[in-house]
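Asks: No letters, just coordinates:
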Ligand SMILES: Cc1cc2nc3c(=O)[nH]c(=O)nc-3n(C[C@H](O)[C@H](O)[C@H](O)COP(=O)(O)OP(=O)(O)OC[C@H]3O[C@@H](n4cnc5c(N)ncnc54)[C@H](O)[C@@H]3O)c2cc1C
């Protein structure tokens with residue numbers, strides 16, 4: 001982390017919210033002057049004087065899904081019946097919240113030119129959306145493959161945006177995978193099942209070459225790490241982050 005990414009605490013206002021998948025909402029906050037971060041980092045978001053709370057308190061960690069090159073801060077979450085998420089969902093626009101950050105070391109190395117493979121499970125897409133937007137902005141030379149697993153297309157945040165980015169950025173390949181496409185209201189003609197070694201080999205010329213990033217709910221991350229180890233990928237070639245709380 002460089003001196004530009006020193007964590008601080010900031011009061012910021014909620015500026016907008018937008019549904020980006022079923023039951024999944026993006027919250028846009030103003031970006032305070034001086035708030036610098038690297039794609040892939042996260043912040044702690046604290047609700048101020050919420051009308052209800054629970055034993056988990058008023059703060060949650062969220063990856064910054066917007067890119068450093070964008071002028072707002074965006075976080076994305078699955079809505080659930082917890083006090084925190086209910087209050088956040090009903091928060092009037094222009095209400096202040098506290099953010100602390102940035103934190104985290106799951107970032108891209110600017111000197112590495114190897115292909116990058118992003119393995120995202122559900123809401124684990126958030127750091128990869130930031131990294132991808134920033135990689136295009138910075139014209140990074142890396143080939144980028146995103147294996148993006150969800151139950152159904154309806155659950156996949158940013159799916160349309162990612163398809164568009166694939167069309168306009170020749171170095172980016174999107175591989176969306178659905179584990180329960182039969183439950184979708186729409187016909188799914190893409191990949192189904194689980195992301196395993198066979199799936200990687202289908203899209204990657206040499207699975208030993210890339211650097212791997214794995215992000216998602218803890219169970220998914222553990223499964224992906226075992227899969228990579230079984231496929232012969234050594235530990236120094238992959239990094240992971242678990243979204244504890246799922
Ligand atoms: C580094 C990091 C980055 C993260 N980034 C993100 C992100 O970008 N987006 C994001 O959404 N989350 C992210 N998380 C997770 C986030 O901090 C929350 O823990 C998560 O969103 C769950 O919050 P909650 O209020 O729904 O549940 P919490 O109140 O935190 O409760 C968590 C626990 O309660 C139980 N629980 C509560 N509700 C349910 C339910 N409906 N179904 C099943 N079990 C339930 C589960 O046992 C769960 O383990 C990140 C976490 C870390 C550590």
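Replies: Perfect, I can see it now. On a predicted model such as this, the values are computed, not experimentally measured, just so you know. Numbering: from 1, shown residues only.

Asks: how deep is residue 119 tucked in, by neighbour count?
Replies: Residue 119 has 29 neighbours, counted by other CB atoms under 10 Å. Where you see a C-beta, it was placed from the backbone N, CA and C, and this is true even at glycine.

Asks: check contacts around it.
Replies: 147, 149, 195, 212, 213, 214, 215, 216, 224 (CB atoms under 8 Å, 6 or more residues apart in numbering).

Asks: could you measure residue 119 against the ligand, distance?
Replies: Going from residue 119 to the ligand by CB to the nearest ligand atom, to the nearest Å gives 15 Å.

Asks: Where does the prediction get shaky in the chain?
Replies: 1-4 (pLDDT under 70).

Asks: State the phi and psi torsions of the residue nearest to the spatial centre of it.
Replies: Geometric centre of the chain, nearest residue: residue 126, 1.5 Å, by CA atoms, centre = their mean. Phi and psi for residue 126, reported as degrees, to the nearest 10, are phi -60, psi -50.

Asks: these two touch, right, it and residue 61?
Replies: No. If you go by CB atoms under 8 Å, residue 126 and residue 61 don't touch, sitting 10.9 Å apart.

Asks: Pull up the residues of the chain that are close to the ligand.
Replies: 42, 56, 60-63, 75-78, 80-82, 84-85, 104, 123, 126, 241, 243-246 (CB under 6 Å from any ligand atom).

Asks: Which of those fall in strands?
Replies: 42, 60, 61, 62, 63, 75, 76, 77, 78, 241 (DSSP state E).

Asks: Of the residues you listed, select the buried ones using a ChimeraX command.
Replies: Listed next is the ChimeraX selection for buried residues among these, using 16 or more other CB atoms under 10 Å:
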select :42,60,61,62,63,75,76,77,78,241
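
Asks: Can you tell me which of the ones in strands among the residues of the chain next to the ligand is nearest residue 32?
Replies: Checking those against residue 32 by CB to CB gives residue 75 as the nearest, at 14.5 Å.

Asks: Contacts only, for that closest one.
Replies: With CB under 8 Å, 6+ apart, residue 75 has these contacts: 26, 27, 29, 43, 45, 62, 63, 64, 65, 126.

Asks: biggest strand in this protein by residues?
Replies: strand 8-21.

Asks: Return the set of buried residues in it.
Replies: Those would be 10, 12, 14, 20, 21, for strand 8-21 by 16+ other CB under 10 Å.

Asks: hmm, back to that, would you format the contacts of residue 75 as JSON lines with distance to residue 110 included?
Replies: Below are the contacts of residue 75 laid out as JSON lines (distance: CB to CB, whole Å):
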{"residue": "26", "distance to residue 110": "27"}
{"residue": "27", "distance to residue 110": "29"}
{"residue": "29", "distance to residue 110": "26"}
{"residue": "43", "distance to residue 110": "22"}
{"residue": "45", "distance to residue 110": "27"}
{"residue": "62", "distance to residue 110": "24"}
{"residue": "63", "distance to residue 110": "19"}
{"residue": "64", "distance to residue 110": "18"}
{"residue": "65", "distance to residue 110": "20"}
{"residue": "126", "distance to residue 110": "21"}
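
Asks: How about the residue in the chain that the ligand sits nearest to, nearest residue that isn't a chain neighbour?
Replies: The nearest approach of the chain to the ligand comes at residue 245, 1.9 Å away (CB to the nearest ligand atom). Nearest residue to residue 245, sequence neighbours excluded (CB to CB, 6 or more residues apart in numbering): residue 60, at 7.1 Å.
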